[in-house]
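Q: got a sequence here, can you build the structure:
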Amino acid sequence: MFPYTAPVRDLRFVLEELLEHRSLALPGFEEASPDLVEAVLEEAARLAGEVWGPLNASGDRQGCSRREDGGVTLPDGFIEAYQAYVDGGWNGIGVSEALGGQGLPEVVASSVQEMLHGANMALGLCPMLTAGAIEALAHHGSDALKETYLPGWSKAAGPVP
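A: Below is the predicted model of the structure:
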């Protein structure tokens, strides 16, 4: 399997030249400076290329298996790679700060997901259920549910079981 090299240059071109993201900054996203976006892209590229990418082929070969207790055994290295994702705060990159996330524009979060999915689609699917739950609860949950769950889900903090 070839090593994964994230298309940072291409993503930067799309963000800066095609979307002109600096001129489209909506209220609440003023902090997403070009320097910050560049740092986010570079660090996501490192995670994708050095941590997630090397597990792609072995993860496909090994696969997941369901245990008798209903749990799932993931391929070797997936838990540690997901833990690196959690520790880096990537789960809440596009979630508003009011909900416990980092509050970056969705286009930046999508660029990060593009790299992670490109490096390892199987592992990239793992955070998607949480992202969907955050979105559903943020738009349709009661204030009590939001206060209880969103800060933890957005940070995805702590050790991965």
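Q: burial of Thr148, as a residue count?
A: 13 (other C-beta atoms under 10 Å). Quick note: C-beta positions are derived from backbone N, CA and C, even for glycine.
Q: mind checking how far Ser142 is from Leu150?
A: 11 Å (C-beta to C-beta, to the nearest Å).
Q: quick one, which of the two is more surrounded?
A: Leu150 (22 against 9).
Q: the host helix or strand of that one: which residues count as buried?
A: Using DSSP states H and E, Leu150 falls within helix 143-155. Buried residues in helix 143-155, counting neighbours by 16 or more other C-beta atoms under 10 Å, are found at Lys146, Tyr149, Leu150, Pro151, Trp153, Ser154, Lys155.
Q: quick check: the farthest pair among those?
A: Lys146 and Lys155 (14.2 Å; C-beta to C-beta).
Q: re earlier: hmm, who's touching the helix holding Leu150?
A: 89, 91-92, 95, 99-101, 130, 133-134, 137-138, 141 (C-beta atoms under 8 Å, 6 or more residues apart in numbering).
Q: using CSV, list the CA coordinates for the lowest-mean-pLDDT helix or strand in the chain.
A: For the chain, counting by mean pLDDT, DSSP states H and E, helix 143-155 ranks last in confidence among helices and strands (a mean of 84). Below are the C-alpha coordinates for helix 143-155, written out as CSV (Å, rounded to 0.1, in the frame of the first residue of the first chain):
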residue,chain,number,x,y,z
ASP,A,143,-31.7,22.3,26.8
ALA,A,144,-31.2,19.7,29.5
LEU,A,145,-30.1,17.1,27.0
LYS,A,146,-27.8,19.6,25.3
GLU,A,147,-26.1,20.6,28.6
THR,A,148,-25.7,17.0,29.6
TYR,A,149,-24.3,15.4,26.4
LEU,A,150,-22.9,18.0,24.0
PRO,A,151,-19.8,19.2,25.8
GLY,A,152,-18.5,15.7,26.3
TRP,A,153,-19.4,14.5,22.8
SER,A,154,-17.9,17.6,21.2
LYS,A,155,-14.7,17.1,23.0
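Q: report the distance from that helix to the chain centre.
A: 18 Å (C-alpha atoms, centre = their mean, to the nearest Å).
Q: could we number from 41 for the rest of this?
A: Right, with 41 as the first residue, what we last looked at is helix 183-195.
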